[in-house]
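>>> I would like to see how this sequence folds:
(one chain, ligands or ions: 3)
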Amino acid sequence: MTHVSPARNQSDKALYGGTSSRRITVRDIAAAKERAEKWPMLTAYDAMTASVFDQAGIPVLLVGDSMGNCHLGYESTVPVTMDEIALLSAAVVRGTKRALVVADLPFGSYQEGPVQALRNATRLAKEAGVGAVKLEGGERSADQIELLVQSGIPVMAHIGLTPQSVNAYGGYPVQGRGEEAAQQLLRDAKAVQDAGAFAVVLELVPAELAAEVTRSLHIPTVGIGAGPDCDGQVLVWTDMAGMTDGRVPRFVKRYAQLRQGLGDAARAFAEDVVGGAYPAEEHSFH
Ligand SMILES: Nc1nc(=O)c2c([nH]1)NC[C@@H]1CN(c3ccc(C(=O)N[C@@H](CCC(=O)O)C(=O)O)cc3)CN21
Ligand SMILES: CC(C)C(=O)C(=O)O
Ligand SMILES: [Mg+2]
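Ligands and ions are numbered 1, 2, ... in the order given. I've put the predicted structure just below:
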């Protein structure tokens, strides 16, 4: 009889480090919670970067509306349009083979109600080929989540700090501090789970509260600035790779210094051109 160790068995199915090469589905995400497996998610906004993360084994890629400030030069996520999300989501899907691609529904594309949400989510599923969409809000967005899920579009919810409301907050403050705010966050978490969300992002909430939400839900939580006890962790890729210019939020850990590296490459190229060192003989045709 062939002996298969439980650890090896587990790693075959693992979202990160697993051996399956087919595209990951929302059911795989749910199964990871049963195994108490932690998993990474990164944003991606173009095919080339997405292919790097896909080949690195990142199981879930988010075409975040953070493309507004990271990629399109806006001040916040508020101006991002459906056309922009659809274009870059299609690129990320084309650049990946294994990752589940989730696209943010941008500000103004679902707030009018469930029918508007369904029209825009359907466009991202059909036109870009994403496997799921994400939208902001707990109890306030439950009707939208319910109609999308009933219509066959998996939904990742997003509660705690919801950056599309930056003008209402007047900034990006930590959420869920104090008993009343904590109870509201727990109600929001239950509401999105009951509406059928397959996972929920918890942004900028105290670690203890995020741990409590994670324990009390049967769907996975994905933390950003929400402490170590969430099921998954997500970061904006330009932040974690050291590409973002200037100050980054306290929850960011930088795993590379791409901004420095890319600037160095640009300066080295410029000096070679100005000094005549590039192109050399091996770069020339006769
Ligand atoms: N590049 C980038 N990274 C992100 O994580 C991100 C975006 N853009 N754009 C959309 C939102 C905005 N985000 C932010 C932005 C700033 C803080 C921030 O600095 N918050 C304060 C909280 C202090 C408090 O309330 O106690 C901080 O100091 O971390 C947090 C999240 C997260 N999202
Ligand atoms: C940071 C994540 C959760 C996000 O919504 C985004 O990148 O837009
Ligand atoms: Mg977003």
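>>> and Tyr110, what pLDDT?
pLDDT for Tyr110: 99.
>>> which SS class is it?
For Tyr110, the assignment made with DSSP: H, G, I helix; E, B strand; the rest coil gives coil.
>>> residues touching it, list them.
Under the criterion of C-beta atoms under 8 Å, 6 or more residues apart in numbering, the neighbours of Tyr110 are Gln116, Ala117, Asn120, Ala121, Leu135, Ser141, Gln144. In short, each C-beta sits where N, CA and C put it, glycine included.
>>> Find the nearest non-adjacent residue to Ala132, please.
Pro154 (3.9 Å; C-beta to C-beta, 6 or more residues apart in numbering).
>>> Next one: the one you found from Arg119, what distance?
17 Å (C-beta to C-beta, to the nearest Å).
>>> just the helices in this protein please.
Ranges of helices within the chain are 6-13, 26-34, 47-55, 67-70, 82-94, 114-123, 142-150, 166-169, 179-195, 207-216, 237-240, 258-275, based on DSSP state H.
>>> Which positions in the third one come out as buried?
Right, the one you point to is helix 47-55. Ala47, Thr49, Ala50, Ser51, Phe53, Asp54 (16 or more other C-beta atoms under 10 Å).
>>> Which residues are in contact with Val252?
If you count contacts by C-beta under 8 Å, 6+ apart, then Val252 has Leu235, Val236, Asp239, Met240 around it.
>>> what does this protein have sitting close to ligand 1?
Residues of the chain lying close to ligand 1 (C-beta under 6 Å from any ligand atom) are 66, 69-70, 77, 163, 172-174, 204, 236, 238-239, 244, 249-250.
>>> what's the closest of those to Ala128?
Ser66 (17.0 Å; C-beta to C-beta).
>>> Now that closest one: closest residue in space that isn't a chain neighbour?
Val236 (5.0 Å).
>>> how far away is that neighbour from Val166?
15 Å.
>>> Could you check which of the two is surrounded by more residues?
Each of Val236 and Val166 has its neighbours counted (other C-beta atoms under 10 Å); Val236 has more, 22 against 16.
>>> Quick one: residues contacting that one.
By C-beta under 8 Å, 6+ apart, Val236 lies in contact with Leu42, Thr43, Gly64, Ser66, Cys70, Thr244, Val252.
>>> Settle this for me: Lys38 is touching Asp231, isn't it.
Yes - at 6.3 Å, Lys38 and Asp231 qualify as touching, with contact defined as C-beta atoms under 8 Å.
>>> Which of those two has more residues huddled nearby?
Neighbours were counted for Lys38 and for Asp231 using other C-beta under 10 Å; Asp231 has more, 21 against 16.
>>> residues contacting that one?
Contacts of Asp231 (C-beta under 8 Å, 6+ apart): Ala32, Lys33, Glu37, Lys38, Trp39, Ala199, Thr214, Pro220, Thr221, Val222.
>>> run the last query once more with 6 Å
Residues near Asp231 by C-beta atoms under 6 Å, 6 or more residues apart in numbering: Lys33, Pro220, Thr221.
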